[in-house]
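[1] model the structure of this input:
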Amino acid sequence: MKENKIKDTKESGQSATETPDEKTKRLRAEAISAPSVSVDEVTDLHIEIHKKQHALQLWNEEKLIAEYPVGLAKNPTGAKEKEGDNKNPEGSYYICNKNSRSQYHLALGISYPNIEDANRGYEEGLINESEKNSLVYANEHGKKPDWYTALGGEIMIHGQKGEQGSESDWTRGCFAVDNEIMDFIWDYVEVGTPVLITAD
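    All right, here's what the predicted structure looks like:
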């Protein structure tokens with residue numbers, strides 16, 4: 001697994017005078033463009049998703065190279081806690097697989113549940129010790145965690161379902177972008193790429 005070098009204190013790219021709602025509207029209205037550096041120029045990529053802003057960002061080291069609108073889950077407020085809550089996770093993750101045959105165009109698997117999710121789920125009695133240990137092991141070794149516990153899983157960054165993409169919050173826990181955006185993201189992201197998901 002790549003070391004997660006994301007800094008929580010780093011600027012998220014939001015203007016000091018721009019509200020999250022204003023940013024959401026702006027991103028959805030802007031023309032789609034490729035990241036500002038080529039794939040060959042990328043040295044240390046990570047993804048940031050800012051839920052309230054509906055913004056998916058690609059960073060190369062400390063430089064923001066792309067920012068796109070993203071659709072969230074049907075119940076986007078608060079962090080995902082269990083299967084069926086229709087929420088998006090929040091925290092530090094990594095890309096754990098790439099699916100080029102997804103029903104949603106292309107899909108990048110996110111390593112939810114992470115270690116913090118596993119410990120919380122165990123403390124709350126949602127998963128047993130064996131399941132917790134399996135999730136911890138997978139995360140410590142950069143593998144795909146078990147997506148089929150009571151905590152839920154199979155959280156993706158993916159493309160459209162028909163006409164549904166980044167324009168609304170409609171998924172069961174995934175992050176949706178338009179197919180054209182997904183094509184850009186796909187070329188830049190590898191298994192192991194860090195992903196930071198925040199409530200802001």
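[2] each with direction, which strands does the longest strand seen in the chain pair with?
    With secondary structure taken from DSSP state E, the chain has its longest strand at strand 91-99. Sheet pairing of strand 91-99 (DSSP bridges) gives strand 107-110 (antiparallel), strand 194-198 (antiparallel).
[3] all helices for this protein, in order.
    Using DSSP state H, the helices of the chain run over residues 20-29, 115-123, 129-140, 179-188.
[4] make TSV from those and add mean pLDDT, mean neighbour count and distance to residue 149 to it.
    For glycine as for every other residue, the C-beta is placed from the backbone atoms N, C-alpha and C. Shown next, in TSV, are the helices of the chain (pLDDT from 0 to 100; neighbours: other C-beta atoms under 10 Å; distance: least, C-beta to C-beta, whole Å):
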stretch	mean pLDDT	mean neighbour count	distance to residue 149
helix 20-29	78	15	32
helix 115-123	99	19	7
helix 129-140	99	17	5
helix 179-188	96	18	27
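[5] can I get the ones you listed in JSON lines including distance to residue 46?
    Below are these laid out as JSON lines (distance: least, C-beta to C-beta, whole Å):
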{"stretch": "helix 20-29", "distance to residue 46": "19"}
{"stretch": "helix 115-123", "distance to residue 46": "18"}
{"stretch": "helix 129-140", "distance to residue 46": "16"}
{"stretch": "helix 179-188", "distance to residue 46": "11"}
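[6] and the ones you listed: which comes nearest residue 68?
    Of all these, helix 179-188 sits nearest to residue 68, with 4.7 Å by C-beta to C-beta.
[7] and that closest one, what other elements does it pack with?
    strand 55-60, strand 63-69, strand 156-158 (3 or more C-beta pairs under 8 Å, 6 or more residues apart in numbering; DSSP states H and E).
[8] nearest to residue 99, of those strands?
    strand 156-158 (7.6 Å).
[9] please report how far the residue lying closest to residue 102 once chain neighbours are set aside lies from residue 141.
    Spatial nearest neighbour of residue 102, chain neighbours left out: residue 158 (5.8 Å); criterion: C-beta to C-beta, 6 or more residues apart in numbering. From residue 158 over to residue 141 the distance is 25 Å, taken as C-beta to C-beta, to the nearest Å.
[10] now residue 183
    Distance, residue 183 to residue 141, using C-beta to C-beta: 30 Å.
[11] quick one on the thing from earlier: got the angle between the longest strand of the chain and helix 129-140?
    Relative orientation of strand 91-99 and helix 129-140, computed by axes from the mean of the first three to the mean of the last three C-alpha atoms, to 10 degrees: 80 degrees.
[12] list the buried residues of strand 91-99.
    The neighbour-count check on strand 91-99 (16 or more other C-beta atoms under 10 Å) flags 91, 92, 93, 94, 95, 96 as buried.
[13] quick check: bridge partners of the third one?
    Spelled out, it's residue 93. residue 195.
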